[in-house]
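S.K.: heads up, no residue letters with this:
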């Protein structure tokens, strides 16, 4: 099933049917989203996956130029604690990073899934990128009663949230070591086909948490728990975020058309996973 809305110069498209997802032009999406410093990681990720690998895909497209400016992809997962939404990729062009765009895409995905079935109450992402954590942290702060694990400033470990994160980590990476205290999956970066690029701005506290706890081959299992939240409130917050008026950063108007440099320059893959 496809669903499309228009918002603030962008068109948001939600796809969950394999035949519809299969009709997407992955090369065009890659070309549109790739920029000089993200050429290598994005190309590497698109080489490892096909878009039909995912249960849910949301695209943001500039309505004037037709350029894709952001993508969010996720799979359904299930544990003893219940089903969860497993984020696999969040990609956005640099000019849009200062906006709420990625949070809008996540809210839109949750809203559409809720309309078609059961509202996701657990969201998880396996990542080594602090900006992915910050994306989910900002998202959780907008919903009364939402919680995120791990937390950089928590005085003590919340055992219930830690147990939830452990169950998801065991489901996602059953053969790898998981550290409950830090939320770290050792060695998972080499095996996990995830990609989170320029999802939001930096946060020194979050950066320090990742630097202190992750080695070069590790990832953090970040979990947003909405199970204690009122479903009507979640639904309202999601609709408000999707449809609220928002400003596209000024530089976005300068950067909608991809440059030739995005296809010819390669740098080390420091922004993915």
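M.R.: Received the coordinates, thanks. Computed from a predicted model, the values in this text were never measured in an experiment.
S.K.: only C-alpha atoms for contact and neighbour calcs from this point on.
M.R.: OK.
S.K.: helix or strand: which one has residue 237?
M.R.: helix 231-243 (DSSP states H and E).
S.K.: now do the buried residues in that helix.
M.R.: The neighbour-count check on helix 231-243 (16 or more other CA atoms under 10 Å) flags 234, 235, 237, 238, 239, 241, 242, 243 as buried.
S.K.: okay but the second one is in contact with residue 111, surely?
M.R.: Yes: the criterion here is CA atoms under 8 Å, and residue 235 meets it with residue 111 at 6.9 Å.
S.K.: picking up where we left off before, can you give the distance of the helix holding residue 237 from its chain's centre?
M.R.: 18 Å (CA atoms, centre = their mean, to the nearest Å).
S.K.: what comes into contact with it?
M.R.: For helix 231-243, contacts defined as CA atoms under 8 Å, 6 or more residues apart in numbering pick out 7, 103, 104, 105, 107, 108, 110, 111, 119, 142, 143, 144.
S.K.: can you pick the most crowded of the residues you listed?
M.R.: Within the contacts of helix 231-243, most neighbours by other CA atoms under 10 Å means residue 105, with 26 neighbours.
S.K.: returning to what we had before: any chance of CSV for the contacts of helix 231-243, columns pLDDT?
M.R.: Formatted as CSV, the contacts of helix 231-243 follow (pLDDT from 0 to 100):
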residue, pLDDT
7, 60
103, 93
104, 93
105, 95
107, 96
108, 96
110, 96
111, 94
119, 92
142, 92
143, 95
144, 95
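S.K.: nearest to residue 131, of those?
M.R.: Among these, residue 103 lies closest to residue 131 (CA to CA), at 12.2 Å.
S.K.: what are the contacting residues of the helix or strand where residue 209 lies?
M.R.: Using DSSP H and E, residue 209 sits in helix 204-213. With contacts defined as CA under 8 Å, 6+ apart, helix 204-213 is touched by 128, 129, 130, 133, 134, 152, 182, 184, 220.
S.K.: just the endpoints, please. Distance across stretch 92-107?
M.R.: One end of stretch 92-107 to the other measures 16 Å (CA to CA, to the nearest Å).
S.K.: if you could redo that for stretch 110-124, that was the one I meant.
M.R.: Per CA to CA, the first residue of stretch 110-124 is 13 Å away from its last.
S.K.: distance of residue 162 from residue 135?
M.R.: Taking CA to CA as the measure, residue 162 falls 20 Å from residue 135.
S.K.: any quick ChimeraX command for the buried ones out of the contacts of helix 204-213?
M.R.: Buried residues among the contacts of helix 204-213 (16+ other CA under 10 Å), as a ChimeraX selection:
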select :128,129,130,133,134,182,184,220
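S.K.: which of the contacts of helix 231-243 lies closest to residue 224?
M.R.: Taking CA to CA as the measure, residue 224 sits nearest to residue 143 out of those, at 10.6 Å.
S.K.: among the buried residues of helix 231-243, show me the least confident.
M.R.: Lowest pLDDT among these: residue 243, with 81.
S.K.: residue ranges of the strands in the stretch 1-150 of the chain, please?
M.R.: Taking DSSP state E, counting those that start in this stretch as the criterion, the stretch 1-150 of the chain carries its strands at 2-7, 10-15, 56-62, 68-79, 82-92, 122-127, 147-149.
S.K.: most tightly packed of those strands?
M.R.: Greatest average neighbour count among those goes to strand 122-127 (a mean of 26), per mean count of other CA atoms under 10 Å.
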